[in-house]
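Student: how would this look folded up:
(chains A and B)
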Amino acid sequence: MKWLLVAITVVATALSDLLQSYELKRAGEQSVSARGIARLAGMVVRRRYLILSIVCLAFSFFAFMALVQSQPLSFAVPASAASFILETIAAKLVLGEQVGKRRAAGTLLVLCGIVLLAR
Amino acid sequence: MDQAKTARTYLLVLLFIGLRGFGNLLLAYGTKRLPAVLGVHPAAYLQSILDPAVAAGIAMLIFSMFTRLALLSVADLSFVLPVTAVGYVLAAALGKVFLHEEVTAIRWLAACLIFSGVAVVGATPQNTTQEARAK
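Tutor: Residues are numbered from 1 along each chain as shown, chains lettered A, B, ... in the order given. Sure, this is the predicted structure:
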């Protein structure tokens, strides 16, 4: 059960992040002032991809919530970070981001750290 | 990218990490004292929201979501992911301090790896698609 919850969390998180990144880059620079939050909230209920990303986020959230109830937080958080690889590859292939050697190396270092953190 | 934009991006990173870390902590604290097992009972999820710690955790996580949306509007996803990974170290530290979870020496090594990776990624351009989309 715990690995199913991890899998749901990972896939749903990756989909949600890709959709959000795509849509927010199109929308332009946003802020977290009161007006900025209101604007972002408006976008979340109006823009199709953001609505879909919130649905994915909800799946991810509830799966994660069930995971942290049964497992230590120090396992649940790093285990769900498997989405790192999936998302970095998709960011390059789908979003067209430039993932150079330095960024890839840094991401791998972070990933190794997260895996070690789960031990 | 000018210094003001860079500073603003890192301010959003810090705000997101703090909100996410403490939000997850409250969620973990709240859900661990619930009587029902979550996972297959939708009613149990709804009932869990009535717990003050769970409610506060959810509120912080919602605000962290808006902060992350703002962050994604100014930086690449492949930049945001590793840079915000400092949150995993914070989660382990909070788990140790507040939930008395074990943090071994190997986890401190993990924290060093994460900080090193963040430093390396932090030296790369934050937004590599802005110009392409503007065309």
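Student: Going by C-alpha atoms from here, please, whenever you check contacts or count neighbours.
Tutor: OK.
Student: Strands along chain B, start to end?
Tutor: In chain B, no strands are defined using DSSP state E.
Student: so where's it shaky on pLDDT?
Tutor: Per-residue confidence for chain B (pLDDT under 70) gives these ranges: B:1, B:35-42, B:130-135.
Student: Longest helix in it, by number of residues?
Tutor: Taking DSSP state H as the criterion, chain B has its longest helix at helix B:3-32.
Student: Which positions within that helix qualify as buried?
Tutor: Residues of helix B:3-32 classed as buried: B:9-10, B:12-32 (neighbour count, 16 or more other Cα atoms under 10 Å in any protein chain shown).
Student: Same question for stretch A:12-22.
Tutor: Neighbour counts over stretch A:12-22 (16+ other Cα under 10 Å) mark A:A12, A:T13, A:A14, A:L15, A:S16, A:D17, A:L18, A:L19, A:Q20, A:S21, A:Y22 as buried.
Student: Verify the stated contact: A:Q69 with B:T31.
Tutor: Yes - with contact defined as Cα atoms under 8 Å, A:Q69 counts as touching B:T31 (5.5 Å).
Student: before we move on, back to that, so which of the buried residues of stretch A:12-22 belong to helices?
Tutor: Those of the buried residues of stretch A:12-22 lying in helices (DSSP H): A:A12, A:T13, A:A14, A:L15, A:S16, A:D17, A:L18, A:L19, A:Q20, A:S21, A:Y22.
Student: got a list of what the second one touches?
Tutor: So that's A:T13. The contact partners of A:T13, taken as Cα atoms under 8 Å, 6 or more residues apart in numbering or on different chains, are A:C56, A:L57, A:S60, A:S83.
Student: quick one: stretch A:11-21 to chain centroid distance?
Tutor: Computed by Cα atoms, centre = their mean, to the nearest Å, the chain-centroid distance of stretch A:11-21 equals 5 Å.
Student: ugh, wrong one, stretch A:65-81
Tutor: Its chain's C-alpha centre lies 15 Å from the corresponding centre of stretch A:65-81 when counted by Cα atoms, centre = their mean.
Student: Could you give the number of residues near residue 105?
Tutor: Answering for chain A, as no chain was given. In terms of burial, A:A105 registers 15 neighbours under the definition other Cα atoms under 10 Å in any protein chain shown.
Student: Hmm, no, I was thinking of chain B.
Tutor: Using other Cα under 10 Å, B:A105 has 10 neighbouring residues.
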